[in-house]
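Asker: Mind folding the following:
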Amino acid sequence: MRPINTYPKWVYGLLVVLLSLMILYALPNIYGEDFAVQVTGEKGVAVTDDLFKEMQQELADKGITIKASSNEEGKVLVRLNSSEDQLSARDIIKEFVKDKGRFVVAPNFAPATPEWLKGLGGAPLKLGLDLRGGIHFLMEVDMESALKTREEQYISDIKTRLREDKVRYASVTRAKDLGLIAKFRSEELRDKAESVFRQNFAELTTRTREVGNLFEIVAALTPTKIKEIKDYAIKQNIATLRNRINELGVAEPLIQQQGSDRILIQLPGLQDSTRAKEIIGKTATLQFRLVNESAGYNPKRAPAGSEIIMERGKQNIAVRKSVIVDGTHLTDATVGFDERGLPQINVKLDSEGGSKMLATTSKNVGKPMAIVMIETKGVYEEVDGEQKLVSTYEEKEVASAPNIQSALGSSFRITGQFTPTEAHDLALVLRSGSLIAPIYIVEERTIGPSLGQQNIELGKTSILVGFVAVLIFMLIYYRAFGIVANIALVSNMVFIIAIMSLVPGAVLTLPGIAGIVLTVGMAVDANVLIFERIREELKEGTNPAQAIYNGYDKAFSTIADANVTTLIAALVLFGIGTGPVAGFAVTLFIGILTSMFTAIVGSRAIVNLMYGGKALNKISI
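Answerer: Residues are numbered from 1 along each chain as shown. Below you'll find the predicted structure:
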């Protein structure tokens, strides 16, 4: 039988290993971050080694001391010694590259973590916008446009299905506030069409009516389908925005849903608001459409059912309005080379998109198919110191119009007179996805790095003052046991920092610092409950060894009850809160778990090492 107040040796070994790992992954935060300037090419264009060397020389000629620099996969990162050098370097590089291509030049922060620690997966805490500075956008998704797009797709699908079932229709159109209206010249045809609707479009509610000599079916989306379309629109837009911003090299962006129709975008470290708008605005709606060859090239008027769009860098062409497949069906796009060594783009569609593409292209082999990019842009005016959206407009461009060489399915290739750079650009745009509905900026803020640095310093001071005050109190009031509590408290802080550094997506914000300060108090509270229980046991005449055992045993349920209720509150805050509230909830949740572990298991292990298995007459508490 094991003596009272002892753990098996493997428990001590496990605790030592765990603490060592936590220290290791908290270590990157000691090294801090370097001021840096990041240079990336628009649409995935790489910065060449020659341009990188010229860039370095330009900075040296202008008196800027470079701490370190690198060019990895065409993305340049220049590390500087101060924020002043950072801003000067940004301006110098921006001026230097303006005539050498389209590049994004943005101030940033780069972790100064040693390579050996990076190799082990070590990284510093990710700081939120209020600490690091950067750009904040609140975007609103145009849900009406999402519904309109889906209804227009239904019109195309309904027409196709009616033709396949040989049901002649007069027209299928979209009517505002009504939905879709399918018109027929006889009641018999309408009845057949109703059967088609029931079998193939169960998500539409239908009713019939007669207007003049026509027999009509009025179809509308069910509330469930409308909600599904809206939810999909916002999720798809978030995924698309994340892909595009990540591809352009913006470090650690925060992109998340806020409310039912808005998207919060935070770009830490980025200070150029105009450039940030351009980055976000680059995401376009993608469509595959047939070219109307009868109009010829550079037509002056668009034939019926077509519109005139400029082909990139070439001439105007007439493109049919009917969409074969849009970007929502695209799953991948990569650059390859054909048998002649010329660049091509390998495209993959989902099963639904593949079926639609096969049905159309099998009937149009040898004819050109246009890849149309549509960007919805906003016109902004400053109102009361804020940028307000006053109107929107669409920019359409045919990225390429290659001939259909054979029937296409879920996987096919796009060939044309591409240069390697053009093929890479187009694959990037395709791969980044398309917006299922336009988005508009409804709120914009730029937070300067000086404010962020001030917040960091004040946050550090608040944690340090609170931490030291608690350490001194515990040492004076509980003596030897106070030392135990302080070791557990320091370990708890190491655990919080390490876990926050390791968890993907965890971001430390100013409210998060408040959560850490609160956790320090709660961690001490658990030890206070244990130590006071031990004191009560000693006053009742219990021998010291048994008093220690009873103190930890009897205080456990009280500590668990108090912390579990706080854990539930933290989960609720995280679930319904956004931004600062969520940041507070994350640190509070992690802090409660680590404080319970260090206060109950950690401090008990130290006390067991000090007093376990010994005949005790007196303890210092």
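
Asker: was I right about residue 603 contacting residue 528?
Answerer: No: using Cβ atoms under 8 Å, residue 603 is not in contact with residue 528, being 11.4 Å away. Every C-beta, even on glycine, is put in place using the N, C-alpha and C of the backbone.

Asker: higher neighbour count, those two?
Answerer: residue 603 (25 against 17; other Cβ atoms under 10 Å).

Asker: ok, that one - contacts?
Answerer: With contact taken as Cβ atoms under 8 Å, 6 or more residues apart in numbering, residue 603 is in contact with 484-485, 487-488, 527, 530.

Asker: Looking at pLDDT only, which of those scores worst?
Answerer: Among those, residue 527 carries the weakest pLDDT, at 84.

Asker: list the contacts for it?
Answerer: When contacts are taken as Cβ under 8 Å, 6+ apart, residue 527 is in contact with 474, 478, 481, 484-485, 488-489, 599, 603.

Asker: Closest to residue 565 out of the residues you listed?
Answerer: residue 599 (16.4 Å; Cβ to Cβ).

Asker: Which of the helices or strands spans the closest residue to that closest one other than its chain neighbours?
Answerer: Distances taken as Cβ to Cβ, 6 or more residues apart in numbering put residue 526 closest to residue 599, at 3.6 Å, once the chain neighbours are dropped. Element membership for residue 526 (DSSP states H and E) is helix 510-539.

Asker: got it, and residue 101?
Answerer: Residue-wise, residue 101 maps onto no helix or strand under DSSP H and E.

Asker: Okay, it and residue 64: tell me how far apart.
Answerer: Distance, residue 101 to residue 64, using Cβ to Cβ, to the nearest Å: 21 Å.

Asker: When those two are compared, which one has more neighbours?
Answerer: residue 64 (20 against 13).

Asker: Tell me the buried residues in stretch 106-113?
Answerer: For stretch 106-113, a neighbour-count test (16 or more other Cβ atoms under 10 Å) marks 106-113 as buried.

Asker: ditto for stretch 189-198
Answerer: Those would be 189-190, 192-194, 196-197, for stretch 189-198 by 16+ other Cβ under 10 Å.

Asker: any idea which of the residues you listed is the one closest to residue 364?
Answerer: The closest of the buried residues of stretch 189-198, once distances to residue 364 are taken by Cβ to Cβ, is residue 196, at 25.0 Å.

Asker: Could I get the average pLDDT for the helix or strand hosting the closest one?
Answerer: According to DSSP H and E, residue 196 maps onto helix 187-200. For helix 187-200, mean pLDDT rounds to 90.

Asker: number of nearby residues for residue 315?
Answerer: Neighbours of residue 315 (other Cβ under 10 Å): 10.

Asker: My guess is it contacts residue 298. True?
Answerer: Yes: at 4.8 Å, residue 315 counts as touching residue 298 under the criterion of Cβ under 8 Å.

Asker: Dump the helix or strand following the helix holding residue 196 to CSV, restricted to CA.
Answerer: Going down the chain from helix 187-200, the next helix or strand is strand 204-211, by DSSP H and E. Below are the C-alpha coordinates for strand 204-211, written out as CSV (Å, rounded to 0.1, in the frame of the first residue of the first chain):
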residue,chain,number,x,y,z
LEU,A,204,-40.0,24.9,-54.7
THR,A,205,-43.6,25.6,-53.6
THR,A,206,-46.0,25.9,-56.6
ARG,A,207,-49.4,27.3,-57.3
THR,A,208,-51.3,27.7,-60.6
ARG,A,209,-53.2,30.6,-62.1
GLU,A,210,-54.5,31.8,-65.4
VAL,A,211,-53.6,35.2,-66.9
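
Asker: hmm, back to that, I'd like to know which of the contacts of residue 603 are buried.
Answerer: Buried, going by 16+ other Cβ under 10 Å: 484-485, 488, 527, 530, out of these.

Asker: Can I get the residues you listed in TSV including distance to residue 307?
Answerer: Shown next, in TSV, are the buried ones among the contacts of residue 603 (distance: Cβ to Cβ, whole Å):
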residue	distance to residue 307
484	77
485	74
488	70
527	73
530	76
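
Asker: quick one: the helices in the stretch 501-621 of the chain?
Answerer: 510-539, 544-576, 580-596, 603-611 (DSSP state H, counting those that start in this stretch).

Asker: Of all the ones you listed, which one is nearest residue 232?
Answerer: From those, taking Cβ to Cβ, the stretch that ends up closest is helix 544-576, at 21.4 Å.

Asker: what's the average pLDDT for the closest one?
Answerer: On average, helix 544-576 scores 85.

Asker: now it, how far from the centre of its chain.
Answerer: 34 Å (Cα atoms, centre = their mean, to the nearest Å).

Asker: now for that helix, which elements pack on it?
Answerer: helix 510-539, helix 580-596, helix 603-611 (3 or more Cβ pairs under 8 Å, 6 or more residues apart in numbering; DSSP states H and E).

Asker: To residue 141, which of those helices lies closest?
Answerer: Nearest to residue 141, of the helices and strands packed on helix 544-576 and by Cβ to Cβ, is helix 580-596 at 20.4 Å.

Asker: Which elements pack onto the closest one?
Answerer: Checking 3+ Cβ pairs under 8 Å, 6+ apart, helix 580-596 ends up next to helix 449-502, strand 507-508, helix 510-539, helix 544-576.

Asker: swap the cut-off to 10 Å and go again
Answerer: Helices and strands touching helix 580-596, by 3 or more Cβ pairs under 10 Å, 6 or more residues apart in numbering; DSSP states H and E, are helix 129-132, helix 449-502, strand 507-508, helix 510-539, helix 544-576.

Asker: now the angle from that helix to helix 510-539?
Answerer: 30 degrees (axes from the mean of the first three to the mean of the last three Cα atoms, to 10 degrees).

Asker: same question for helix 580-596, mean pLDDT?
Answerer: 84.

Asker: Check which residues of it are buried.
Answerer: Buried, per 16+ other Cβ under 10 Å, within helix 580-596: 580, 582-596.

Asker: Over to stretch 116-133?
Answerer: Applying 16+ other Cβ under 10 Å to stretch 116-133 flags 117, 122, 124-133 as buried.

Asker: Quick check: end-to-end length of that stretch?
Answerer: Counting by Cα to Cα, to the nearest Å, you get 29 Å between the two ends of stretch 116-133.

Asker: try stretch 23-32
Answerer: 15 Å.

Asker: ok, back up a step: can you redo the buried residues of stretch 106-113 as a markdown table with pLDDT, secondary structure and distance to residue 401?
Answerer: Below are the buried residues of stretch 106-113 laid out as a markdown table (pLDDT from 0 to 100; DSSP: H, G, I helix; E, B strand; the rest coil; distance: Cβ to Cβ, whole Å):
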| residue | pLDDT | secondary structure | distance to residue 401 |
| --- | --- | --- | --- |
| 106 | 74 | strand | 34 |
| 107 | 74 | strand | 40 |
| 108 | 74 | strand | 38 |
| 109 | 75 | strand | 43 |
| 110 | 79 | strand | 42 |
| 111 | 80 | strand | 45 |
| 112 | 84 | coil | 49 |
| 113 | 85 | coil | 48 |
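
Asker: Just give me the closest of these to residue 5.
Answerer: Using Cβ to Cβ, those come closest to residue 5 at residue 113, 40.7 Å.

Asker: and that closest one, what does it touch?
Answerer: Contact analysis of residue 113 by Cβ atoms under 10 Å, 6 or more residues apart in numbering lists 27-33, 119-120, 122-124.

Asker: and the residues you listed as JSON lines, adding pLDDT and distance to residue 72?
Answerer: Rendered in JSON lines, the data for the contacts of residue 113 read as follows (pLDDT from 0 to 100; distance: Cβ to Cβ, whole Å):
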{"residue": "27", "pLDDT": "90", "distance to residue 72": "24"}
{"residue": "28", "pLDDT": "89", "distance to residue 72": "19"}
{"residue": "29", "pLDDT": "87", "distance to residue 72": "23"}
{"residue": "30", "pLDDT": "86", "distance to residue 72": "25"}
{"residue": "31", "pLDDT": "84", "distance to residue 72": "20"}
{"residue": "32", "pLDDT": "78", "distance to residue 72": "21"}
{"residue": "33", "pLDDT": "79", "distance to residue 72": "18"}
{"residue": "119", "pLDDT": "84", "distance to residue 72": "15"}
{"residue": "120", "pLDDT": "86", "distance to residue 72": "19"}
{"residue": "122", "pLDDT": "85", "distance to residue 72": "18"}
{"residue": "123", "pLDDT": "84", "distance to residue 72": "16"}
{"residue": "124", "pLDDT": "85", "distance to residue 72": "19"}
